[in-house]
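Colleague: here is the input, now give the coordinates:
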Amino acid sequence: MNITNKCFELYRYRQLTQRRSLNVSRKSHSLVACALNNGNDIESCPDVKESVNSVLARDSRELEKVPISQLGKPNPKAMKILSGSNNKTGINKLLVDTLKGTSFTVVGDNSSLNWEVAQALASRLGWFASSTHKVIEGLMKTSIDVSTAESLKHKIVELELSVLKGMSNQRKVVNATMACGAAASKESYQHLWGTIIIRVDELDPTAKKKPLNEERTCHSEVAEICLLIKKGRGFSDVGMSTQQRALDHADVLVQQLVTYLNKDKSIVERKAQYVAAGCRGDWPLIISTDSPAGLKPMDPEPSHDISSRA
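Modeller: Model (predicted):
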């Protein structure tokens, strides 16, 4: 049983006892919360793992002193949290196994939101989150705000295109692109079709409808998954950060990804073939030089659906 499962079991056992007098440490509770939120991340850190084992062993001894006759009824809310956490971990593992290292590109007209969504998805999958905005700022050795992006638009687009081209064969990456950058042009997608393209669109019901400009038209046409993030009305959205909005929609994005992968069983294999062929722009019909007919046959192997059950 790994550390996360030990935390789950301790958490469940404590909720079943419902005894306030139990001497269960606060450190154990924080470790349990960490496990519930971050999956198996504890496993990758030996020092933390040893500390967790020590705390869990001490707390488990305290809990084992409780007579079975004194166990109360399960706390419905706690059991629901536990079930949801196990379910989330199960879906993440199934996705990781199915994706086989396939990378993602996040596009949209809000650079900050693109980055937060990329981080949220990368955290769920264990992929590396990257931002072309941050990379370009490092290359230019200056921060890029709205005015800078407008005055140096041509240079920024060229730099971002070169970054996207350089990352086209990278695996296990969730890359967030810049608004009004290279991803606003269809010509750039020669280097992106080897990834799963996610469009992030923010809807504000209190504001005017966004105009359908060239960038938004391009994103709507090339996106394979569209994540719509709605801003709340009135006080429901006051004080909510961009990061929190992205995290709140992470489950929705994962479910959309599950649906997409179940709909097209061969998509992961075809993405890998496109990258292996050199990202030549021949998506979705991948031209093969070793095929007499000119087109490489795609006969996907039978695959099981990704279930929402762990």
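Colleague: pretty sure residue 245 contacts residue 113?
Modeller: Yes: contact criterion CB atoms under 8 Å: residue 245 and residue 113 qualify, at 7.4 Å. Heads up, the C-betas are built off the backbone N, CA and C, glycines and all.
Colleague: which neighbours do the two have in common?
Modeller: residue 229 (CB atoms under 8 Å, 6 or more residues apart in numbering).
Colleague: quick one: which of those two has more around it?
Modeller: residue 113 (23 against 19; other CB atoms under 10 Å).
Colleague: mind checking the backbone torsions on residue 267?
Modeller: Main-chain torsions, residue 267, degrees, to the nearest 10: phi -60, psi -40.
Colleague: ok, it - contacts?
Modeller: 196, 260-261.
Colleague: report the separation between it and residue 274.
Modeller: Distance of residue 267 to residue 274, computed by CB to CB, to the nearest Å: 10 Å.
Colleague: stretch 222-234: which residues count as buried?
Modeller: Neighbour counts using 16 or more other CB atoms under 10 Å place 222-225, 227, 229 of stretch 222-234 among the buried residues.
Colleague: counting neighbours, what do you get for residue 258?
Modeller: Neighbour number of residue 258 under other CB under 10 Å is 18.
Colleague: which residues in the stretch 201-310 of the chain form helices?
Modeller: All helices of the stretch 201-310 of the chain, identified by DSSP state H, counting those that start in this stretch, fall at 214-222, 242-248, 250-263, 267-276.
Colleague: who does the second one touch, helix- and strand-wise?
Modeller: Contacts defined by 3 or more CB pairs under 8 Å, 6 or more residues apart in numbering; DSSP states H and E place helix 242-248 against helix 111-125.
Colleague: run through who's touching the helix it packs on.
Modeller: Contacts for helix 111-125 (CB under 8 Å, 6+ apart): 38-39, 92, 95-96, 99, 104, 106-108, 127-131, 133-134, 172, 174-179, 198, 200, 202, 227, 229, 242-243, 245-247, 249-250, 253-254.
Colleague: re earlier: can you say which two of the buried residues of stretch 222-234 are spatially most distant?
Modeller: Using CB to CB, the buried residues of stretch 222-234 reach their maximum pairwise distance at 222 and 229, which is 18.8 Å.
Colleague: just to revisit the earlier point, any idea which of the buried residues of stretch 222-234 is closest to residue 162?
Modeller: For the buried residues of stretch 222-234, the nearest to residue 162 is residue 222 (19.5 Å; CB to CB).
Colleague: how close does the closest one get to residue 108?
Modeller: Counting by CB to CB - residue 222 and residue 108 are separated by 12 Å.
Colleague: please enumerate the shared neighbours of the two.
Modeller: Common neighbours of residue 222 and residue 108 (CB under 8 Å, 6+ apart) are residue 199.
Colleague: tell me the contacts of the nearest residue to residue 177 once chain neighbours are set aside?
Modeller: Closest residue in space to residue 177, ignoring its immediate chain neighbours: residue 183 at 4.0 Å, by CB to CB, 6 or more residues apart in numbering. Going by CB under 8 Å, 6+ apart, residue 183 touches 105, 107, 160, 164, 177, 189, 192, 218-219.
Colleague: same thing with residue 127?
Modeller: Contacts of residue 127 by CB under 8 Å, 6+ apart are 103-104, 121, 172-174.
Colleague: export those to TSV and tack on pLDDT?
Modeller: What follows is the contacts of residue 127, written out as TSV (pLDDT from 0 to 100):
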residue	pLDDT
103	96
104	97
121	94
172	94
173	95
174	96
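Colleague: out of these, which are inside strands?
Modeller: Among these, the members falling in strands are 104, 173-174 (criterion: DSSP state E).
Colleague: selecting buried members of the residues you listed in ChimeraX, what would you type?
Modeller: Buried members of the ones in strands among the contacts of residue 127, defined by 16+ other CB under 10 Å, are picked up in ChimeraX with:
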select :104,173,174
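Colleague: of the ones in strands among the contacts of residue 127, just say which sits nearest to residue 282.
Modeller: Checking these against residue 282 by CB to CB gives residue 104 as the nearest, at 20.9 Å.
Colleague: tell me what the closest one is bridged to.
Modeller: residue 174, residue 196 (DSSP bridges).
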